[in-house]
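A.B. asks: quick one, what's the 3D model for this:
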Amino acid sequence: MSTKPPRSQIVSHLPATVPFTAPETLERQTGIKIHLRLGANESTYGISPKAYKAMQECITESHLYGDSTHYDLRKELATLHRIKMEEISVGGGIDELLGWIARVYLNPGDSVTTSLGGYPTFNYHVKGFGGILHEVPYRNGKNDLEGLLQTAVKTKSRILYLANPDNPTGTWFTKDELKDFRSQIPEDCLLVLDEAYIEFAPDEAVLPVDPADPGIIRTRTFSKAHGLAGARIGYAITHREIVQSFDKIRNHFGVNRMAQAGALASLKDPDFLQQVVKHVAKGRQEYAKLAEELGFSAYPSATNFVAIDVGSAERATSIREALWEQGVFIRVPNVPPLNHCLRISVGTPKEQNLLAHILRKTVHNLV
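C.D. replies: As a prediction, this is how the structure comes out:
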């Protein structure tokens, strides 16, 4: 009888789970085909025509590895943010960057502070590297900054995670609130500021970039406003010494040539980006009106989705399941009180109209 090589104690004690069940998995499990995909916060506005052209031209080079230094993209990003290339690290989306951060900063048993119901992929990586999560409930639909600070201090956390704008609520804090928050975080605690939706946010929500600060890592992505979710590419803005630490452990050829070409071309097409942001802002307004019409309330959002509070977890689950039966994919957060909400991505005007029609009918039938 053969013996199995033992797995690490950390992995052996982890539950067999993933942060999100993929919509394709749900289709296979239920036999229902998605006709309206508004649950993953992807951009149904597509990608920049310039990015499309650049990626097409790159197909013939697919037999070559991508640039492991991401030189051209980092150079363009440095110009855009008025920082140095050495203060930028590129990876396979924010999800991969969060894994790097956990690996670089955590020892087994180290404490980490985050919001209860916040982005689950961060928690997934923390647990995977043996960290201990301390979760602070939301307060009035927003991250509880005071609670996060108190918990980080009390638990001597190595990392404090905050998304601004937030997922899954879409709410945000101003730059002044963020400055005050940052100033109170202990020196030995890293602030991870997840800015996946920053392009949709008002200027007042954008903390000034300061890569000289070694206590903060800002993560950004091309998955949302740029529409390159399937290409898997994002970046971190941080102190150059932290970038050097990432270089010690990252997959240097993990970002393919087409993703790099598409991201670079998209950065050079600001008009396309501005149009997407404009259309999404209008869509958020339409969703808020729809929520009010149905007797619900929508959280103010600075993202490409809206969280609609329908009053109870039971009602939210019933509506989600009824929509799924009709081929409409949305999500409901897992923890109270956020599980009172339907989180719905802003689609194209045609998709918004179809969603409104189906949601009205569904809510009416469930009353």
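
A.B. asks: for R37, phi and psi?
C.D. replies: Main-chain dihedrals, R37, degrees, to the nearest 10: phi -100, psi 90.

A.B. asks: could you measure from it over to S115?
C.D. replies: 26 Å (CB to CB, to the nearest Å). All C-beta atoms are positioned from the backbone trio N, CA, C, and that covers glycine.

A.B. asks: who has more neighbours out of those two?
C.D. replies: Taking other CB atoms under 10 Å, R37 and S115 do not tie; S115 has more neighbours (26 against 16).

A.B. asks: so that one, which state does it fall into?
C.D. replies: Of the three states, S115 takes strand under DSSP: H, G, I helix; E, B strand; the rest coil.

A.B. asks: my guess is it contacts L148. True?
C.D. replies: Yes. With contact defined as CB atoms under 8 Å, S115 and L148 form a contacting pair (7.0 Å).

A.B. asks: break the chain down into its domains, please.
C.D. replies: Domain assignment for the chain, taken from automatic domain parsing, gives 21-46+271-366, 49-268.

A.B. asks: which stretch among the ones you listed comes nearest K4?
C.D. replies: domain 49-268 (20.4 Å; CB to CB).

A.B. asks: what about that closest one, distance to the chain center?
C.D. replies: Computed by CA atoms, centre = their mean, to the nearest Å, the chain-centroid distance of domain 49-268 equals 9 Å.

A.B. asks: same thing with stretch 291-307?
C.D. replies: 19 Å.

A.B. asks: name the residues that touch it?
C.D. replies: Contact with stretch 291-307 is made by 41, 43, 141, 165-172, 197, 200-202, 205, 224-225, 280, 284, 287-288, 308-311, 333, 338, 341-346, 359-360, 363, as judged by CB atoms under 8 Å, 6 or more residues apart in numbering.

A.B. asks: show me where the stretch 151-300 of the chain has its helices.
C.D. replies: For the stretch 151-300 of the chain, the helices defined by DSSP state H, counting those that start in this stretch occupy 175-184, 240-249, 257-267, 270-293.

A.B. asks: in the first one, what counts as buried?
C.D. replies: Taking 16 or more other CB atoms under 10 Å as the neighbour-count basis, helix 175-184 is seen to contain the buried residues 178, 181-182.

A.B. asks: do the same with the last one
C.D. replies: Within helix 270-293, the residues that count as buried by 16+ other CB under 10 Å are 272-273, 276-277, 279-280, 283-284, 286-288, 290-291.

A.B. asks: what of the second one?
C.D. replies: Neighbour counts using 16+ other CB under 10 Å place 240, 242-243, 245-246 of helix 240-249 among the buried residues.

A.B. asks: check stretch 187-204 too.
C.D. replies: 189-201.

A.B. asks: related to what we said a few turns ago, from the buried residues of helix 270-293, which single one is nearest R82?
C.D. replies: Of all the buried residues of helix 270-293, R82 sits closest to L273, with 17.9 Å by CB to CB.

A.B. asks: my guess is that closest one contacts S48. True?
C.D. replies: Yes. Applying CB under 8 Å, one finds L273 in contact with S48, separated by 7.4 Å.

A.B. asks: what touches both of the two?
C.D. replies: 226, 266.

A.B. asks: show me where the chain has its strands.
C.D. replies: Per DSSP state E, the chain carries strands over the ranges 36-37, 88-91, 111-116, 132-137, 159-163, 190-194, 216-221, 234-237, 297-298, 305-309, 328-329, 341-345.

A.B. asks: now do the last one against helix 270-293, angle only.
C.D. replies: The reference is to strand 341-345. 150 degrees (axes from the mean of the first three to the mean of the last three CA atoms, to 10 degrees).

A.B. asks: surely G99 touches N123?
C.D. replies: No. Using CB under 8 Å, G99 makes no contact with N123, being 11.9 Å away.

A.B. asks: what sits against D247?
C.D. replies: Contacts for D247 (CB under 8 Å, 6+ apart) come out as S89.

A.B. asks: so what's G234 up against?
C.D. replies: With CB under 8 Å, 6+ apart, G234 has these contacts: 90-94, 96-97, 196, 219-223.

A.B. asks: mind running it again at 10 Å?
C.D. replies: 89-98, 196, 219-224, 226, 228, 255, 259, 263 (CB atoms under 10 Å, 6 or more residues apart in numbering).

A.B. asks: so what sits opposite it in the bridge?
C.D. replies: G91, T221 (DSSP bridges).
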